[in-house]
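Visitor: This is a predicted model, with the sequence first.
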Amino acid sequence: MEIQVQKVPESERKPHTRDESQLVFGRQFTDHMFVMDYDAGLGWHSARIVPYGPFNMDPAALVFHYAQEIFEGLKAFRRPDGRIALFRPKDNIARFNRSAERLCMPKVDEGFFFEALKTLVKMEGEWVPKSQGTSLYIRPTMIANEAVLGVKPSSKYLCYIILSPVGAYYKGGFKPVKIWISDEYVRAAPGGTGEVKTGGNYAASLYASVEASKAGCDQVLWLDAVHRRYVEEVGSMNMLFVYDGKVVTSPLHGTILDGITRRSILALVQEMEIAVEERALSVDEVMEGAVNGRLQEAFGTGTACVVSPVGQFTYKGRTVQLGNGQMGELTAKLYDTLTGIQYGRLADKHQWVEIL
């Protein structure tokens, strides 16, 4: 399948943000996007790069009613020599297909989709910002667009990739986040779609997020749906804990996202010869560990933040603090190491980086 290209006329190209310190997440988009269509019996077709703009969608499109939708998130980084690098993009595309399979959506050809993604990023290369900590966020998405009311897999799909220049996550330096642990609401249950990157998971988390904000916290840490006892993940991040000198994180058993950043951090931790335990960690261990010192650090991992230090936990009205509310030593080292690899300041021993 060839990719047809329709460029925006030079006179209609969007102005770039001159002051990159003013870039915010997901508010500005590049001039072009990649789009392709799927029809049952025909497969994927009409691959094209076109001017960024709205879609003409039928009000009965299945995505609006039964939420057949998946997406991914990855970044392009400007390196010191001016080249553009992607971080583990093939892993994101593979996860995109796993999400598609779980939601009865058609898979994409991973090789073709990777080439389409690279073509789009190269074409929009001038949008990749240059300042420390900035990047170009890449959002592949697939939605069901058959116009019919009925609970069934769609026979038509729209797949697209949009790009957004984003600023440094920590504009004023690292600020450890405050985490509210929910004992009433759950994010995902065994057998559900917790490991799928789909909008429904995020929509279901919003109510608890509002409750967390009312409690003066930044994000929600979810407990398992069966026992309401074991910590799983934060809505936008996988969670890792430095407990008794080991890095402890919830195992992948279908209810949490298989984070690309999580995988990378665990690999770096093992290289540092620090033991890793993928096991169920109880909320009591977290709360009491913060008091008795067994829990030395906690941090989240994700594409947007890379590594986000945690300064305190609130659970059932009780708040405990970690490290006087400051970022831990290992957390800082992991952030510096992974971002060093992403931006080209450190050697990439794992071949995670794809240079365009």
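Guide: Ah, there it is.
Visitor: now the strands: where do they sit in the stretch 101-250 of the chain?
Guide: In the stretch 101-250 of the chain, the segments counted as strands under DSSP state E, counting those that start in this stretch are 135-144, 156-166, 177-181, 219-223, 231-234, 237-243, 246-249.
Visitor: For Leu23, grab the count of nearby residues.
Guide: Residue neighbour count, defined by other C-beta atoms under 10 Å, stands at 21 for Leu23. (C-beta placed from N, C-alpha, C; glycine too.)
Visitor: Output the strands of the stretch 101-250 of the chain in CSV, with distance to Ile265 and mean pLDDT appended to each entry.
Guide: Shown next, in CSV, are the strands of the stretch 101-250 of the chain (distance: least, C-beta to C-beta, whole Å; pLDDT from 0 to 100):
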stretch, distance to Ile265, mean pLDDT
strand 135-144, 18, 97
strand 156-166, 20, 97
strand 177-181, 17, 94
strand 219-223, 17, 95
strand 231-234, 13, 93
strand 237-243, 7, 96
strand 246-249, 8, 97
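Visitor: Of those, which is nearest Val353?
Guide: Relative to Val353, the nearest member of the strands of the stretch 101-250 of the chain by C-beta to C-beta is strand 135-144, separated by 12.9 Å.
Visitor: Which of the strands of the stretch 101-250 of the chain sits closest to Ser46?
Guide: strand 156-166 (10.1 Å).
Visitor: Am I right that Ile93 is in contact with Asp109?
Guide: No. Ile93 is beyond contact range of Asp109, at 9.6 Å (criterion: C-beta atoms under 8 Å).
Visitor: Which one's more surrounded, those two?
Guide: Ile93 (21 against 14).
Visitor: if I pick the more buried one, what's in contact with it?
Guide: 72, 108, 110, 113-114, 117, 140 (C-beta atoms under 8 Å, 6 or more residues apart in numbering).
Visitor: Make a ChimeraX selection of the buried ones in those residues.
Guide: Remark: buried members of the contacts of Ile93, expressed as a ChimeraX selection using 16 or more other C-beta atoms under 10 Å:
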select :72,108,113,114,117,140
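Visitor: Spatially nearest residue to Ala189, not counting backbone neighbours?
Guide: In space, and not counting its chain neighbours, Ala189 is closest to Ala225: 3.9 Å by C-beta to C-beta, 6 or more residues apart in numbering.
Visitor: Give me the pLDDT value at Glu12.
Guide: If you check Glu12, the pLDDT there is 87.
Visitor: An error on my part: the question was meant for Asn201.
Guide: 92.
Visitor: ok, now His32?
Guide: 98.
Visitor: Next, count neighbours for the residue lying closest to it once chain neighbours are set aside.
Guide: Distances taken as C-beta to C-beta, 6+ apart put Ile49 closest to His32, at 5.3 Å, once the chain neighbours are dropped. The number of residues packed near Ile49 is 19, by other C-beta under 10 Å.
Visitor: cool, Val24 as well?
Guide: Around Val24 there are 12 residues (other C-beta under 10 Å).
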